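Below are the sequence and a predicted model; questions follow.
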Amino acid sequence: SAVISQKPSRDICQRGTSLTIQCQVDSQVTMMFWYRQQPGQSLTLIATANQGSEATYESGFVIDKFPISRPNLTFSTLTVSNMSPEDSSIYLCSVDGTSGGATDTQYFGPGTRLTVL
Amino acid sequence: GENVEQHPSTLSVQEGDSAVIKCTYSDSASNYFPWYKQELGKRPQLIIDIRSNVGEKKDQRIAVTLNKTAKHFSLHITETQPEDSAVYFCAASHNSGYALNFGKGTSLLVTP
């Protein structure tokens, strides 16, 4: 499967600021997703990062709060904007590990642990 | 949208015993059902998955069964070992979007 890295691995931020998280894959992939995992909770999909077009957001998540970029088939960013303590979570990217067409098998990056004070 | 329910939320077994975790889903269009294992501080790792055209799949000590009529699927771990201790998540998706809907997780503790 693809090797996925995320930067930063963790950060502590002040409320009202923004943080951009990067997800880099060592091979081209069709699908990239961003999930949030609040402490002790399950994973919730934020959005699907579409290459060359606007991300597709899930109910409860909006572009102004979580702008996403996907400039190519190996890289995506998620920005958490105007942060509040409720945004403290682990943010994970996932990929489908293939470039030959979308599949539903997903592999996760190591995650970014965000703490907002 | 899809709703995935997972039971139990916690499970404690003795080493060598079997562990079973059950999930139900609501969307009859779902056709892909993966299971992830997440150790503390680590990323979720795909351990096994099953598609709707198959009723059972095995990989060494791990098996997954699927009942499409009843809309439920289960993870079976035999001969459990302490290193099986982790949080296990089930998920479901269908081809139109590929997004995974996760259950709430089961914290499995295997005691020596």
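Received, thanks. Numbers count the residues shown, from 1 in each chain, chains lettered A, B, ... in the order given.

Show me where chain B dips below the pLDDT cut-off.
Along chain B, segments meeting pLDDT under 70 span B:95-97.

all strands for it, in order.
Using DSSP state E, the strands of chain B run over B:4-7, B:10-14, B:19-25, B:32-38, B:45-51, B:56-59, B:62-67, B:72-77, B:86-92, B:101-102, B:106-111.

In CSV: the ones you listed, plus distance to chain A and mean neighbour count.
No exception for glycine: its C-beta is placed from N, CA and C like everyone else's. Below are the strands of chain B laid out as CSV (distance: least, C-beta to the nearest C-beta, whole Å; neighbours: other C-beta atoms under 10 Å in any protein chain shown):
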stretch, distance to chain A, mean neighbour count
strand B:4-7, 8, 18
strand B:10-14, 12, 13
strand B:19-25, 12, 20
strand B:32-38, 4, 23
strand B:45-51, 6, 17
strand B:56-59, 13, 12
strand B:62-67, 14, 18
strand B:72-77, 15, 22
strand B:86-92, 6, 25
strand B:101-102, 5, 23
strand B:106-111, 9, 17
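
contacting residues around the closest residue in space to B:Asp17 that isn't next to it in sequence?
Nearest non-adjacent residue to B:Asp17, counting by C-beta to C-beta, 6 or more residues apart in numbering or on different chains: B:Thr80, 5.8 Å away. In this structure, B:Thr80 makes contact with B:Val13, B:Gln14, B:Glu15, B:Gly16, B:Asp17, B:Ser18, B:Ala19, B:Arg61, B:Leu108, B:Val110, judged by C-beta atoms under 8 Å, 6 or more residues apart in numbering or on different chains.

Dihedrals phi and psi, the fifth one?
Dihedral angles phi and psi of B:Asp17 (degrees, to the nearest 10) take the values phi -80, psi 170.

hey, what's A:Ser76 bridged with?
Bridge pairing for A:Ser76 (DSSP bridges) gives the partners A:Cys23.

so it sits right up against A:Val29, yeah?
No. A:Ser76 is beyond contact range of A:Val29, at 9.7 Å (criterion: C-beta atoms under 8 Å).

And the two? Which one has more around it.
When neighbours are counted by other C-beta atoms under 10 Å in any protein chain shown, A:Ser76 and A:Val29 differ, and A:Ser76 comes out ahead with 27 against 24.
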